[in-house]
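[1] Let me see the structure of the following:
(chains A and B)
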2 protein chains.
Amino acid sequence: MQIDPTLAPFFAPKGVAVIGASTDPSKLGYGLARNLIQSNYQGAIHLVNPKGGKLFGREIIPSIRAIPDPVDLAILLIPAGATPAALAECGERGIKAALIGSGGFRETGAEGAALEMECLRIARSYGMRLIGPNCIGLQDTHLPIDATFLPPPGPLPGDVAFISHSGAICAAVIDWARGQSFGISRLVSLGNQVDVNETDVLAPVAADPFTHVLTLYLEGVSDGRRFVAEASRITPEKPIIALKVGRFASGQRAAASHTGALAGQESAFNAAFRRAGVIRAETSEEMFDWARALAWCPPPRGRNVAVLTNAGGPGVTASDALEANGMRLAELGVETRRALKEILPPAASLQNPVDMLASASPEQYAQCLRLLLEDPAVDAVLVILPPPPMFTAGAVAKALIPVIHHAEKPVVVALMGERLIQEAVEHFRAARVPEYRFPERAASALAVLAQRAEHLQRSSQPVLPCCDEERQKARLILQAYLDCQPAPADDPNAFLPAEIAAALVEAYGIQAPIARLARSADEAVLFARQIGFPAAVKVASPDLPHKSDVNGVLLNLNSEAAVREGYLRVIENARQARPQARILGAHVQPTLPAGQDVIVGAVQDPQFGALLMFGSGGVEVEGLKDVAFALAPITEDEAEYLLENTWAGLKLKGFRNLPGADRAAVKGALMRLAQLAADFPELAEIEINPLRVMAHGQGAYALDVRARLRMNLP
Amino acid sequence: MQIDPTLAPFFAPKGVAVIGASTDPSKLGYGLARNLIQSNYQGAIHLVNPKGGKLFGREIIPSIRAIPDPVDLAILLIPAGATPAALAECGERGIKAALIGSGGFRETGAEGAALEMECLRIARSYGMRLIGPNCIGLQDTHLPIDATFLPPPGPLPGDVAFISHSGAICAAVIDWARGQSFGISRLVSLGNQVDVNETDVLAPVAADPFTHVLTLYLEGVSDGRRFVAEASRITPEKPIIALKVGRFASGQRAAASHTGALAGQESAFNAAFRRAGVIRAETSEEMFDWARALAWCPPPRGRNVAVLTNAGGPGVTASDALEANGMRLAELGVETRRALKEILPPAASLQNPVDMLASASPEQYAQCLRLLLEDPAVDAVLVILPPPPMFTAGAVAKALIPVIHHAEKPVVVALMGERLIQEAVEHFRAARVPEYRFPERAASALAVLAQRAEHLQRSSQPVLPCCDEERQKARLILQAYLDCQPAPADDPNAFLPAEIAAALVEAYGIQAPIARLARSADEAVLFARQIGFPAAVKVASPDLPHKSDVNGVLLNLNSEAAVREGYLRVIENARQARPQARILGAHVQPTLPAGQDVIVGAVQDPQFGALLMFGSGGVEVEGLKDVAFALAPITEDEAEYLLENTWAGLKLKGFRNLPGADRAAVKGALMRLAQLAADFPELAEIEINPLRVMAHGQGAYALDVRARLRMNLP
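    Below you'll find the model as predicted:
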């Protein structure tokens, strides 16, 4: 993996200068010096303060320029106002990386923000990289280095890295993890991110051989597209779990199409995480529960789980939790059951969950676990261990651990209780076996292991073959339209004429039955005669995006007289409903036979670029919110995902007395529209509503297409 | 609250005899004697064993008949085979209650089950009540008594009672609760429930003045109707939280209607818990998280929450979690913000979440909390406390507690971290302030407090006025039909003729446009002429519950010729699709104008009796599973709940270009069908599909009604 060499001093500094090292224990500069020294950091440590003196038996250097070699990282813990000058001195001294721990910058208002920009300007002028300001610092438990000012002790060495937008969360996580004996490999507190952001540090942290899993606390991302690209490079090697907060904070963006209204920030984040293979946690506990399992367990081959227990109740709880998490109870082989029978008392249950009864000994636990792991029908095992009445949980743990280490299948343990299981907890943690206090959490960890395994198995299929020709055709259509326009429109309601929008999707190979704009009833009849009956008539107005809202659509008009009357009626209806609307006439189209109507749309997300939507049309698109999103362009797998995760998509398979429809045509249309939206970022929104899907092999037709341009690209 | 006096000896025994008290520390009879004595139980303790001797300095009594007064509870810990004889001796001795701890009964097979029934027979003959066998025992930390054989220490005294179907879960919960310093008031392990079951102990446990909340671990209920009745009596006084497991274990029951197919055991449990005001937890952690909040906090007046924090990140997490749990961020008053401004530094955020910044002192925490609690727009406060950099979390806790105790609004605390917050944890626990390790769990506890408050505010409206007339009419219809039948049908596909089913719902005041069974095309035309055009024709067959599956329905037939042809066509279609089906002819009905079609049905749940279903008809009933359930009969509030919790119900309000429909008529139909199903348990299934709902004030019509009888009532 390529790593930005300018970031190297943050992660493997040869020498660290603490600017603002202080002999006053209430100062951050004291805490940082203490942690750096006590963490057993092996590089050079330079304590700097104009007051001079001694600290922890070391001479304090009075000026930055007097710092001897080696030094490649400066940590600044001085008042915000003094920081720019100190930073410049660091630059002069040739230091290429600085971490600003102090607060007093952007988070306090405009003045602080200006100071922060001044720091960035100075850093840039010296080719220096910055982490912070207003952050807690960095830790690496294996290098080792503790470049934070938090009260000791720091985290235990471990396999999980933590990257955080919040310093308070870092402090809480370090303390919580220590209390849980949960180890951390690297920790990065990003602060105000004036320079280095969450995406920048992904690759350097992932490159750490001690880090097996990356966990992220995100309040957003700095550049969505780059985040997806970077994370996508990492997840095939190491899992990333993200807790993205601020879910409900973002207001709805102003939008004129269904797609625009429904494509909130969260839909885009979910689509982006899915694309990048990033696992999204909903709570902090979940994130670290999952991280342990991902760090310590091999991936399962499937979702079939055996439950091994010494009591019925927790077995039922575990079964429930497994099913609720999309896992299955494995069906044990005859051989396995026969072998279990030999070991266990007659009243034991040999079905899954295997209930060995309260008398189960450490040996029975170990033997049964080995048998379950040997069964080819079993992909993973959940062991339940309440305090056994006749033995200690610690003895059971000791018997189980060699079996677990020997297995190539994941085993997680639900250790129920607290004091009576403490010894077992310690054995399991030392042996890197994930244990949880409740079966529900163990089940959720297994589900994430399965999700990860499936992500690794998924082949990244090619998206559509190169679309040069389509792109050129669409470019010409758009250009020809714009050339005729008096001035570029940037009104959010300035939709493209329907025939231009239809021509665009047709350029990308989506069939859009010709809609011709009639400006009089006579013209409507003429077009209907050309197109053939039954015809459909739809009012044409740039101000009426939802035509059926104003009864502006009539279908199945079977005669010239009906078309004539229909033309007049839709215009009259629209006038009555919206007297202000500019009405251009009505579109005349063939009426297609019945089929299933779905909606396909795309918007440009400000963070992640083109975002595709698929779902139920009609009342259900907004009422039921039956929609799913993917980042454009999409693979066929992703098209399949959209179909599998919406009611609109499931119905296409056929359902009871509803006949199946042409799923392949829908997937094709999804891939094509996604490509169009990705190729033309100036298409702010484009929506096919409805896409009418015919029977198998009969295709899908865009019956109406709306598109809006955004001429001033950012 | 009425309490069964025969259960009194279990909860306040005057003297306890331990039958099988043993000097061998590996025996249950040793553990029980030890716990009973060490728990400081103040009644008489009698240790009984034919071997005699001494235990814990007490004389062992060699025979049951030699036990001196007082003794009203026997605890038997002897081999299963010896238990019946000992039980008989206890009966002879005049002991009126016995707890059988030993295993070896029903859980081991048929022989054990017979032994268990023998015990029950003996107990009944002496008027003796039984708990167990195969259970861990009873605890009351306030009486006090520890009548379990678990290794010490038992739980701390507390406010939460725990009643459990699983002994292993009891053991784990006691150990876990002790480790968490979480107190328990009473604990009951029910074992095999040969006599006393979970419902029996509800009232005696709720009557305990030290118990503020009841928590239940349920693997089912013994008698659904009685459980609902008992729990309903308790929940207005004390909250009940249930963890009901075995969610996925139950197979689908065989069913012939949509209602039957969808009304799984879980739907019935959810409806029953809702009716009884029982809060359902999904995980054990949730149950005890919620129990603490319910035991210690006053109910909030609404769902508006203020968040008080010293760091931005956890504030955002808390806001997300509150919204995800259906709570709102309170909009703080101008006064409050002005007062906060005076206390806090300029960079602090005075909007909700109130971020006091990392420098926040214990005094600032306390002052701000007081201000937030005084704001009338605030119903509850979530305080976030990561380890504060400049102070100890313990000092903050000490400052907050008096403010919290003084408030009449609930306050929950998210204490983030582990070691650095330990002192604060202890202060809060001692002061009975609920604290959680993560903001997400604190938010979920607040949501349950709000749910509880809303439950208490909900008035129990009367159900339909007395339905004597309706009942009598329906009874006559049913009787007349049965009198004409050659033999009572008990075939699951033996549906009532459609016109009889329609007459039943009409008897209860639901309009069902006359459907007449035509046995020839001529008859169909005759009926159509009488009913008026346009007519609808539907094939009539006891073997075709889903007529449209076989193209057996034709609507909008406008002429006699069309009706004639239609009659022949639906019969031909049905024949082709199902050559085996018995075809009786076709029903002729008026075709009603368009409206919204919904489905309303009821089944008899084996546990809880009549269960009502409401939802989307058509493809959506089974595909989207857009349905909700309630126990019948229902109140208007419950009808409203069914409408609010389904897409079918939401659409009735009108949605974009879909006009609103007659919600009142739907609620009426729901209440009436529920009453019918409750009145006639012999109606195994009854379903109106569709119920066509017209515009406001225009009513709702049952277009098709299917009903199946179950003649052999259990």
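
[2] in chain A, which helix or strand is least confident?
    Ranking every helix and strand in chain A by mean pLDDT, DSSP states H and E puts helix A:258-262 at the bottom, with a mean of 69.

[3] hmm, who's touching stretch A:387-399?
    By Cβ atoms under 8 Å, 6 or more residues apart in numbering or on different chains, the list of residues contacting stretch A:387-399 from outside reads A:310, A:358-363, A:365-366, A:385, A:413, A:415-417, A:420-421, A:423-424, A:426-428, B:26, B:150-151, B:171-172, B:175. To be clear about C-beta, it is placed using only N, CA and C from the backbone, and glycine gets the same treatment.

[4] ok now it, how far from the chain's centre?
    For stretch A:387-399, the distance from its own C-alpha centre to the chain's C-alpha centre is 40 Å (Cα atoms, centre = their mean, to the nearest Å).

[5] What residues of that stretch count as buried?
    A:Pro387, A:Pro388, A:Pro389, A:Phe391, A:Ala393, A:Gly394, A:Ala395, A:Val396, A:Ala397, A:Lys398, A:Ala399 (16 or more other Cβ atoms under 10 Å in any protein chain shown).

[6] What sits closest to the last one if chain neighbours are left out?
    Distances taken as Cβ to Cβ, 6 or more residues apart in numbering or on different chains place A:Pro362 nearest to A:Ala399, at 3.7 Å, with adjacent residues excluded.

[7] Dump the C-alpha coordinates for the helix or strand harbouring A:Ala414 into PDB.
    Using DSSP states H and E, A:Ala414 falls within strand A:411-415. Taking C-alpha atoms only, strand A:411-415 is exported to PDB below (Å, rounded to 0.1, in the frame of the first residue of the first chain):
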ATOM      1  CA  VAL A 411     -15.500 -19.400  18.100                       C
ATOM      2  CA  VAL A 412     -16.900 -16.800  20.300                       C
ATOM      3  CA  VAL A 413     -17.900 -17.200  23.900                       C
ATOM      4  CA  ALA A 414     -20.800 -15.800  25.900                       C
ATOM      5  CA  LEU A 415     -19.500 -15.700  29.500                       C
END
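
[8] Now do it: which elements does it pack against?
    Other elements packing on strand A:411-415 under the criterion 3 or more Cβ pairs under 8 Å, 6 or more residues apart in numbering or on different chains; DSSP states H and E are strand A:380-385, helix A:393-406, helix A:422-430, strand A:435-436, helix A:439-457.

[9] of all those, which lies closest to B:His587?
    Smallest distance to B:His587 across those (Cβ to Cβ): 49.6 Å, for helix A:439-457.

[10] Alpha carbons only: can I get the very next helix or strand once past that closest one in PDB?
    Next helix or strand after helix A:439-457 toward the C-terminus (DSSP H and E): helix A:468-484. Written as PDB, here are the backbone C-alpha positions of helix A:468-484 (Å, rounded to 0.1, in the frame of the first residue of the first chain):
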ATOM      1  CA  ASP A 468     -17.400   6.500 -25.000                       C
ATOM      2  CA  GLU A 469     -20.100   6.400 -27.700                       C
ATOM      3  CA  GLU A 470     -22.900   7.000 -25.200                       C
ATOM      4  CA  ARG A 471     -21.100   9.700 -23.500                       C
ATOM      5  CA  GLN A 472     -20.400  11.500 -26.800                       C
ATOM      6  CA  LYS A 473     -24.100  11.200 -27.900                       C
ATOM      7  CA  ALA A 474     -25.400  12.600 -24.600                       C
ATOM      8  CA  ARG A 475     -22.800  15.400 -24.700                       C
ATOM      9  CA  LEU A 476     -24.100  16.400 -28.200                       C
ATOM     10  CA  ILE A 477     -27.700  16.400 -27.100                       C
ATOM     11  CA  LEU A 478     -27.000  18.500 -24.000                       C
ATOM     12  CA  GLN A 479     -24.800  20.900 -26.000                       C
ATOM     13  CA  ALA A 480     -27.400  21.300 -28.700                       C
ATOM     14  CA  TYR A 481     -30.000  22.100 -26.100                       C
ATOM     15  CA  LEU A 482     -27.800  24.600 -24.200                       C
ATOM     16  CA  ASP A 483     -26.900  26.300 -27.400                       C
ATOM     17  CA  CYS A 484     -30.500  27.200 -28.000                       C
END
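
[11] and helix A:468-484, what's its mean pLDDT?
    Averaged across helix A:468-484, the pLDDT comes to 90.

[12] quick one, whichever helix or strand comes after it and helix A:468-484 angle?
    Downstream of helix A:468-484, the first helix or strand assigned by DSSP H and E is helix A:498-507. Using axes from the mean of the first three to the mean of the last three Cα atoms, to 10 degrees, the direction of helix A:498-507 lies 160 degrees away from that of helix A:468-484.

[13] which residues of the stretch 501-650 of chain A fall in helices?
    Here the stretch 501-650 of chain A has its helices, by DSSP state H, counting those that start in this stretch, at A:521-531, A:560-577, A:619-623, A:636-644, A:647-651.
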